[in-house]
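[1] Provided below for reference: sequence and predicted model.
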Amino acid sequence: MVTFFAALILLILGYVFYGKFVERIFGIDDRTATPAYTKRDNLDFVPMSWWKGNLIQLLNIAGLGPIYGAVAGALYGPVAFIWIVVGSVFAGAVHDYFSGMMSLRHNGAQFPTLVGRYLGKPAKVFINGLSLVLMLLVAAAFTAGPAQLISQITPLSFMVALAIIFGYFFLATVLPVNRIIGRIYPLLGAILLIMAVAVAIGTIVSGKPMPNLTMANLHPGDLPVWPLLMVTISCGAISGFHCTQSPIIACTMKKESDGRKIFYGAMIIEGVIALIWAAAGMTFFNGTAGLSEALAAGGPSGVVNEISTSLLGTIGGILAIFGVIILPITTGDTALRSSRMIATDILSKFYRMDNKWKVLLVTIPISIPAFFLATIDYTFLWRYVGWTNQVVATVMLWTGTLYLLKNFKLHWICGVPAVFMTGVVCTYIFYAPEGLNLDYQLSAIIGFSLTFVVILWYASQIIKYHSIKQKSAQYNIA
């Protein structure tokens, strides 16, 4: 239990101190008018208070991610606590802050536009496609599960439930952000947090021993911590999906100083939620072996349901069903909204996207493939979400690194986690079954070799911008 409380305190201290440090490096200015005012269109650009932005951001980036991912990551033992804390404070929250604040500084620009500006046009073309694929996979994967549960507890068939969910998606995607998302999602975000706090209290008072820190890998299947844990627990540590969601809220911010509370803060809260569910998974089932058996028997939904109903009774059962149905749906609809905004951004180079009918026409072709993807095997979809998600996160960190380099600021706050995540994604794709399924040692050698090449590129960029800075200083003196 000491480890759990220490990790919780470190997450809070990370927000208070490192979050402030990151904000200072970025350099906020509340005198600058935000896109919510300068580009107000009452669809995507609408001013909202910071607390609404924080809760909406939390719901958009979380859903069931920090619950399902944390429960699966808990199989590795208390080492998962380390990744949640370090990942959230030094990687995930930095990633989310820069994706939101850079969007704000560039008039509400979408993630691919930021990539193109700082990493070049080829990177933008690549990330445009990858981002849309990720959004469609997330929308499909986060819809199939709720539709299956609805079909099990109601007379509705799976396809009818799916059609109803996508009907809601369509409305939420085309309506102004303050109609559904701005009114309902803050409440749902608060419920997500209340649910986690209730589970934390139930776990603490249950009397079962909560595991303390050990660096040992306790995974029953002896799967390696690196890089699998970093992909298993993404929401709750660092997730590329977040950088596609941050621009939604960046378009609603009233002032720049709200950024730390909204973006950095929401990621830390998500880390707290992941920490709670990882601890609950290890504690409730008396260790990783028991958790592994529970996951094999009922999957993540079964584990969440069993923990909730056992610790919280009838209310816990209601919260569990609510969580498994509502929370992924709220992630799916904002995934489609992000897809629509990215597609609109692409098409605006060729057509004027100046009315709601054009927005509607963009939404239809995005929704159709997501709907059909949702009809195939959920576990198949989820395997490919993981790696794609972390590649997007890595690209966003490199985008933030180049932004800082070009502005002669302390670039390592993005650069160090970018190098780390480069190693993760390069190793994972060679080792994982959905990748090349190579031997672990060979995968690690290839992954580290590719990362070393990227480090050399990073060093060349540092030298380049250091030289530019020196020349600029000499010119100013002259």
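    The structure has been received and is ready for your questions. Numbering: from 1, shown residues only.
[2] list the contacts for Ala200?
    With C-beta atoms under 8 Å, 6 or more residues apart in numbering as the criterion, the residues that contact Ala200 are Ile276, Ala279, Ala280. For glycine as for every other residue, the C-beta is placed from the backbone atoms N, C-alpha and C.
[3] Please repeat the previous calculation with a cut-off of 10 Å.
    Neighbour list for Ala200: Phe4, Leu8, Val272, Ile273, Leu275, Ile276, Trp277, Ala279, Ala280, Leu311 [criterion: C-beta atoms under 10 Å, 6 or more residues apart in numbering].
[4] Next: Pro365.
    For Pro365, counting by C-beta under 10 Å, 6+ apart, the contacting residues are Ser339, Arg340, Ala343.
[5] from these, which ones fall inside helices?
    Ser339, Arg340, Ala343 (DSSP state H).
[6] Let me know the closest of these to Thr363.
    Lowest distance from Thr363 to the ones in helices among the contacts of Pro365 (C-beta to C-beta) belongs to Arg340, with 5.0 Å.
[7] And that closest one, how far from Val177?
    Per C-beta to C-beta, to the nearest Å, Arg340 is found 12 Å from Val177.
[8] distance between stretch 309-317 and the chain's centre?
    Relative to its chain's centre, stretch 309-317 lies at 28 Å (C-alpha atoms, centre = their mean, to the nearest Å).
[9] Extract the CA atoms of it and return them as PDB.
    Output in PDB follows, covering the C-alpha atoms of stretch 309-317 (Å, rounded to 0.1, in the frame of the first residue of the first chain):
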ATOM      1  CA  THR A 309     -19.800  -5.300  -7.900                       C
ATOM      2  CA  SER A 310     -17.700  -7.000  -5.200                       C
ATOM      3  CA  LEU A 311     -16.300  -3.800  -3.700                       C
ATOM      4  CA  LEU A 312     -19.300  -1.400  -4.300                       C
ATOM      5  CA  GLY A 313     -22.300  -3.700  -4.400                       C
ATOM      6  CA  THR A 314     -25.300  -2.800  -6.500                       C
ATOM      7  CA  ILE A 315     -24.000   0.700  -7.100                       C
ATOM      8  CA  GLY A 316     -20.700  -0.800  -8.300                       C
ATOM      9  CA  GLY A 317     -22.600  -3.000 -10.800                       C
END
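[10] Could I get the average pLDDT for that stretch?
    In this model, stretch 309-317 carries a mean pLDDT of 80.
[11] list the buried ones in that stretch?
    For stretch 309-317, the neighbour count (16 or more other C-beta atoms under 10 Å) marks Thr309, Leu311, Leu312, Gly316 as buried.
[12] Val199 is in contact with the second one, correct?
    Yes - counting by C-beta atoms under 10 Å, Leu311 touches Val199, with 6.2 Å between them.
[13] hey, what's in contact with both of these two?
    With C-beta under 10 Å, 6+ apart, Leu311 and Val199 have common neighbours Ala280, Phe284.
[14] Which residue ranges of the stretch 351-478 of the chain form helices?
    Counting by DSSP state H, counting those that start in this stretch, the segments of the stretch 351-478 of the chain that form helices are 356-373, 378-406, 412-431, 440-477.
[15] can you put the ones you listed in CSV and add mean pLDDT and distance to Ala297?
    Converted to CSV, the helices of the stretch 351-478 of the chain look like this (pLDDT from 0 to 100; distance: least, C-beta to C-beta, whole Å):
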stretch, mean pLDDT, distance to Ala297
helix 356-373, 72, 27
helix 378-406, 87, 15
helix 412-431, 97, 27
helix 440-477, 91, 28
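[16] So Leu55 sits against Ala190, correct?
    Yes - the pair Leu55 and Ala190 qualifies as a contact (C-beta under 10 Å) at a distance of 6.1 Å.
[17] more neighbours, the two?
    Residue environment comparison for Leu55 versus Ala190 gives the larger neighbour count to Leu55, 23 against 14, counting by other C-beta atoms under 10 Å.
[18] how about the helices of the stretch 351-478 of the chain in CSV, adding distance to Leu149?
    Rendered in CSV, the data for those read as follows (distance: least, C-beta to C-beta, whole Å):
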stretch, distance to Leu149
helix 356-373, 18
helix 378-406, 11
helix 412-431, 30
helix 440-477, 36
